[in-house]
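Q: Give the three-dimensional model of this entry:
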Amino acid sequence: MDSLSHTFSQAFDVVRRVLGVKLAQLKLPASILQWIISFLNGRTQQVKYASFVSSFKPINMRIAQGSGFDPTLYIVTATDLKALSVISMLFRFADDTTLLVPENTDIDLLVEFQHIRCWAEDNHMIINLEKTEEIVFHTLAHPYRHV
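A: Next comes the predicted model:
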């Protein structure tokens, strides 16, 4: 079985570009959708390091990390990311994604990865290739079994 694990670079920075469309597809009540949009718009952030405190800066086209709501918004953004093959498995945790592709499959690992790259491009995300790795798992014959 092949496993391909990758991280989206700056996933929380670009998620708002597509979030509105995907939230609308959930058919949420208008009041909830409006509340989420107002939560995301007009936000500022400030950085404090030791005794230095920056001025407030606007948060543009991203969700600020730190609230409990932000991971949920990212999950909504990535909900439509699916493996092509029904026997491949896709696991997501925040901005990390792991794809498991069995050795005998109808869709090759490279085709699955290209599909993920296309999804990322369509959603204005970049796969961090420095954090992407392929791991191949093999089963071994039992060393004490005699035939």
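
Q: Packing partners of the longest helix along the chain?
A: Determined from DSSP state H, the single longest helix within the chain is helix 109-122. If contacts are counted by 3 or more Cβ pairs under 8 Å, 6 or more residues apart in numbering; DSSP states H and E, helix 109-122 sits against strand 2-9, strand 96-101, strand 126-136. Placement of C-beta: from N, CA and C, glycine included.

Q: as a whole number, average confidence for it?
A: Helix 109-122 shows a mean pLDDT of 91.

Q: can you pull the pLDDT of Arg92?
A: pLDDT, Arg92: 80.

Q: where are the low-confidence patches of the chain?
A: For the chain, the stretches with pLDDT under 70 are 1-17, 60-67, 94-95, 141-147.

Q: Disregarding flanking residues, what is the spatial nearest neighbour of Ile37?
A: Spatial nearest neighbour of Ile37, chain neighbours left out: Gly20 (6.8 Å); criterion: Cβ to Cβ, 6 or more residues apart in numbering.

Q: Distance of the one you found relative to Asn128?
A: As for Gly20, its distance to Asn128 is 25 Å (criterion: Cβ to Cβ, to the nearest Å).
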